[in-house]
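**Q** Sequence first, then the predicted structure, then my questions.
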Amino acid sequence: RQAGRMNVSSATIRNELAVLEELGYIEQPHTSAGRVPTVKGYRYFVEQLMEQVELPRPEQRMIKHQFHQVRLSLDQWMRLTATVLAHSARSASLVTPPHATNSRFRHMELISIHDTLCLMIVVLQDSSIHEEMLVLANPIDQGQLSQASNKLNTLLNNLSVREINESAHPELTNLQSWEAQVLQRIIFLMESVDHQSIREIYRDGLINVLRQPEFVDGYKFRQVLEILEQRSLLERILARTLNSSGIQVIIGGEGTYDEIDDVSLVLSPYGVRGKASGVLGIMGPTRMRYARAISTVRYVALLMDGLIANMYGSAES
């Protein structure tokens, strides 16, 4: 007798299921339920049985088009990445901005506000924008501020904090006192950025996870929220992913992270190694469609690799 499209008997299927259950790959939660994969079963599927599939070409083109429609803005890229991942994988998404392990200077402007007060705007090579109000010792007009901005933009172009501190360029060592004050604030700002491991985490699609039947349970519902809100846990997970390569699949219940039970994450680092890199990925129920999740994360990470590389290339040219 046929079962489904396999030319095997029901007895054979029952025997095979019994063997899989004995080996720990499937389980029967209760007597009236069917058999479902265990954590061990999901891991075996992901690493041994799952075919490596690409995201459908029409979907790739649509995602790529969306990224080329937004202006060159790190914040917009991060928000769009989170939205695309959540929509395409129908899961919750997590994205961290590309972090430069050694921040490099790109551009700065000084804008006179009033008398001795001016606004300093600094753009780093990862396109992050930083603003700071400066109080100078003496009034400086806009012409002088612009002249100093142009000078520092030329002298500091693409330099790291270490390279700025070690520079013996005569124009850097002979700055006017107020220009030296500006330079010290730039260095302090860049040092602060360098000491940040995981900054803002962009998220989207939480409702996609909470709509899943397993999260009707109050405890499991709270677990999802706690994973997203406990920064210490997320930072550990994302930092480990940042220092890895390729797709990382974390299956809840394996014991790697005790706080994660009925949830799985598919994550990938992205960016340019040695310059700026971040992490992106999705979170969903343990029974998520892993092939779909992995193909989505892999494609978006590859796309972001190219965008970040182009951004650095244009900045250095």
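**A** That came through fine.
**Q** now do the same end-to-end measure for stretch 41-61.
**A** 34 Å (Cα to Cα, to the nearest Å).
**Q** what does it contact?
**A** Counting by Cβ atoms under 8 Å, 6 or more residues apart in numbering, the neighbours of stretch 41-61 from elsewhere in the structure are 20, 24-26, 37, 63, 88, 249, 251, 254, 264, 286-287, 290-291, 294-296, 298-299. C-beta here means a position set from N, CA and C on the backbone, and glycine is covered the same way.
**Q** go on, stretch 284-295?
**A** 36-37, 39, 42, 45-46, 50-55, 89-92, 208-209, 212, 214-215, 247, 249, 251-253, 262-264, 266, 282.
**Q** Among the contacts of stretch 41-61, name the buried ones.
**A** Buried residues within the contacts of stretch 41-61, defined by neighbour count using 16 or more other Cβ atoms under 10 Å: 20, 25-26, 37, 63, 88, 249, 251, 254, 264, 286, 290, 294-296, 298-299.
**Q** Do I have it right that Leu94 meets Gly281?
**A** Yes - with the criterion set as Cβ atoms under 8 Å, Leu94 and Gly281 qualify as a contacting pair; they are 5.6 Å apart.
**Q** Of these two, which one has the most company?
**A** Between Leu94 and Gly281, Gly281 has the larger neighbour count (other Cβ atoms under 10 Å), namely 31 against 27.
**Q** distance between whichever helix or strand that one is part of and the chain's centre?
**A** Under the criterion of DSSP states H and E, Gly281 resides in strand 276-285. How far strand 276-285 lies from its chain's middle: 5 Å, per Cα atoms, centre = their mean, to the nearest Å.
**Q** Please point out which parts of it sit buried.
**A** Taking 16+ other Cβ under 10 Å as the criterion, strand 276-285 shows Ala276, Ser277, Gly278, Val279, Leu280, Gly281, Ile282, Met283, Gly284, Pro285 as buried.
**Q** Would you report the backbone torsion angles of Val36?
**A** phi -130, psi 160 (degrees, to the nearest 10).
**Q** And the pLDDT at it?
**A** The model reports Val36 with a pLDDT of 76.
**Q** isn't it right next to Glu21, touching?
**A** No - between Val36 and Glu21 there is no contact, the gap being 10.5 Å when judged by Cβ under 8 Å.
**Q** Which neighbours do these two have in common?
**A** Overlap between the contact sets of Val36 and Glu21, as judged by Cβ under 8 Å, 6+ apart, is given by Glu27, Gln28.
**Q** Who are the packing partners of the strand or helix carrying Val19?
**A** Per DSSP H and E, Val19 falls inside helix 10-23. Helix 10-23 makes packing contacts with strand 26-27 when contacts are defined by 3 or more Cβ pairs under 8 Å, 6 or more residues apart in numbering; DSSP states H and E.
**Q** Listing partners with orientation, what would you give for the strand it packs on?
**A** Its sheet considered, strand 26-27 pairs with strand 36-37 (antiparallel) by DSSP bridges.
**Q** where along the stretch 1-150 of the chain do the helices fall?
**A** 10-23, 39-44, 57-69, 74-89, 142-156 (DSSP state H, counting those that start in this stretch).
**Q** And the closest residue to Gly205 other than its chain neighbours, how close does it get to Tyr202?
**A** Excluding its sequence neighbours, the residue lying closest to Gly205 (Cβ to Cβ, 6 or more residues apart in numbering) is Ala86, at 2.6 Å. Ala86 sits 10 Å away from Tyr202 when distances are taken as Cβ to Cβ, to the nearest Å.
**Q** Mutual contacts of the two, please.
**A** Counting by Cβ under 8 Å, 6+ apart, the shared contacts of Ala86 and Tyr202 are Ser93.
**Q** Only the buried residues of the strand or helix carrying Thr241, if you could.
**A** If you go by DSSP H and E, Thr241 is part of helix 231-242. Residues of helix 231-242 classed as buried under the neighbour-count rule (16+ other Cβ under 10 Å) are Leu233, Leu234, Ile237, Leu238, Thr241, Leu242.
**Q** So in this structure, which helix runs the longest?
**A** Using DSSP state H to assign secondary structure, the helix with the most residues in the chain is helix 290-316.
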